[in-house]
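**Student:** Take this sequence and fold it.
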Amino acid sequence: MYRIAVCEDEPKQREGLCAQCRDILTRLEVEYQIEPFASAEELEVALTDGMRFDLLCLDILLTDKTGMELAMEVRKWDEQISILFITSFTEFLLEGYEARPIQYLLKPVKLEELERALQTDLRLNHQPRMVTLRSGGKTVVLPLADIRYVESQNHGCVFCMDREEQFFQLSLTQVETLLPKAQFCRCHHSYLVNLAQIKEVTSRELYLSDGSRLTIGRRYAEQFQTKFICYLNLNSR
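**Tutor:** As a prediction, this is how the structure comes out:
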């Protein structure tokens, strides 16, 4: 779940920025939660009360406490949270360097520029690296990067890894809910493929980096093509 706080004191701009984020993340098929805040003080209370966010979208010039001041305070106790500054003035660029923002966006915010900023943040800071699987009394943690594809077999699933295969008493549908939707996609009723492992795609087949070949089922072809393009867009920058 990608959690975003949008802090903007102008209602129309706040609603517009939230709508843009929703549009982008829906198209990228990223699970998200967006919380709007009308002031830095309101957001600060939420953070102090333990509310977790992956990204803070902060208008710099807010009434009373500024977005820049809040960002500087946040950085004293949180090095991991991403910060995106929204501003109408370029003179704040140097001042905000210490807050280490992922980017500055000038108002009015353009959808394509916001999309590039979100894609960069997702790619660099918020892609899961492990999956935890529980089956038959055992719990196993697998690196996502090592999973080439998952195949439905014998009332369970075989995880085809870089160096080994592991069998779990889970249906392919169950496995699909456990793996990140932006990285894994059903290409056939028997296969769930790691999009990062794909080297070549034709109309009915795909080839992985290790030379494996998987069939693309007719029923899944359109969905697969759409998700693969989204994945390439998300990871091409």
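**Student:** Every contact and neighbour count from this point should use C-alpha atoms.
**Tutor:** Will do.
**Student:** After the lengthiest helix in the chain, heading C-terminal, what element do we hit next?
**Tutor:** Longest helix of the chain, by residue count under DSSP state H: helix 11-27. Using DSSP states H and E, the helix or strand that follows helix 11-27 in sequence is strand 32-37.
**Student:** Identify the residues contacting the residue nearest the centre of the chain.
**Tutor:** The chain has residue 122 as the residue nearest its centroid, 4.4 Å off, counting by CA atoms, centre = their mean. With contact set as CA atoms under 8 Å, 6 or more residues apart in numbering, residue 122 has no partners.
**Student:** same thing but 10 Å
**Tutor:** By CA atoms under 10 Å, 6 or more residues apart in numbering, the contact set of residue 122 is 2, 30, 54, 55, 82, 116, 128, 234, 235.
**Student:** Next, it: phi, psi?
**Tutor:** Taking degrees, to the nearest 10, you get phi -60, psi -40 for the backbone angles of residue 122.
**Student:** Equivalent analysis for residue 127, please.
**Tutor:** According to degrees, to the nearest 10, residue 127 has phi -90, psi 130.
**Student:** and it, what does it touch?
**Tutor:** 2, 121, 144, 180, 182, 183 are the contacts of residue 127 under CA under 10 Å, 6+ apart.
**Student:** Closest one to residue 167 out of these, please.
**Tutor:** residue 144 (15.6 Å; CA to CA).
**Student:** Please look at that closest one and residue 193 and confirm they touch.
**Tutor:** No. Look at residue 144 against residue 193 with CA atoms under 10 Å: they stay out of range, at 11.2 Å.
**Student:** which residues do the two both contact?
**Tutor:** Common contact partners of residue 144 and residue 193 (CA under 10 Å, 6+ apart): 183, 184.
**Student:** who's more crowded, the two?
**Tutor:** More neighbours surround residue 193 than the other of residue 144 and residue 193, with 23 against 20 (other CA atoms under 10 Å).
**Student:** Tell me the secondary structure of that one, please.
**Tutor:** strand (DSSP: H, G, I helix; E, B strand; the rest coil).
**Student:** can you check residue 50 too?
**Tutor:** Under three-state DSSP, residue 50 comes out as coil.
**Student:** need the contact list for it.
**Tutor:** Here residue 50 is in contact with residue 44 (CA under 10 Å, 6+ apart).
**Student:** That one and residue 227: what is the separation?
**Tutor:** 34 Å (CA to CA, to the nearest Å).
**Student:** Rank the contacts of residue 122 by pLDDT and give me only the lowest.
**Tutor:** When the contacts of residue 122 are sorted by pLDDT, the bottom entry is residue 234 at 72.
**Student:** what about that one, helix or strand, and which?
**Tutor:** Secondary structure assignment for residue 234, by DSSP H and E: helix 221-235.
**Student:** then that helix to PDB, C-alphas only?
**Tutor:** Written as PDB, here are the backbone C-alpha positions of helix 221-235 (Å, rounded to 0.1, in the frame of the first residue of the first chain):
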ATOM      1  CA  ALA A 221      -3.400 -11.600 -23.600                       C
ATOM      2  CA  GLU A 222      -5.000  -8.100 -23.400                       C
ATOM      3  CA  GLN A 223      -4.600  -7.900 -19.600                       C
ATOM      4  CA  PHE A 224      -1.000  -9.000 -19.800                       C
ATOM      5  CA  GLN A 225       0.000  -6.500 -22.500                       C
ATOM      6  CA  THR A 226      -1.500  -3.700 -20.500                       C
ATOM      7  CA  LYS A 227       0.200  -4.600 -17.300                       C
ATOM      8  CA  PHE A 228       3.600  -5.200 -19.000                       C
ATOM      9  CA  ILE A 229       3.400  -1.700 -20.600                       C
ATOM     10  CA  CYS A 230       2.600  -0.200 -17.200                       C
ATOM     11  CA  TYR A 231       5.500  -2.000 -15.700                       C
ATOM     12  CA  LEU A 232       7.900  -0.800 -18.500                       C
ATOM     13  CA  ASN A 233       6.600   2.800 -18.000                       C
ATOM     14  CA  LEU A 234       7.200   2.600 -14.200                       C
ATOM     15  CA  ASN A 235      10.700   1.200 -14.500                       C
END
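**Student:** Brilliant, that's me finished.
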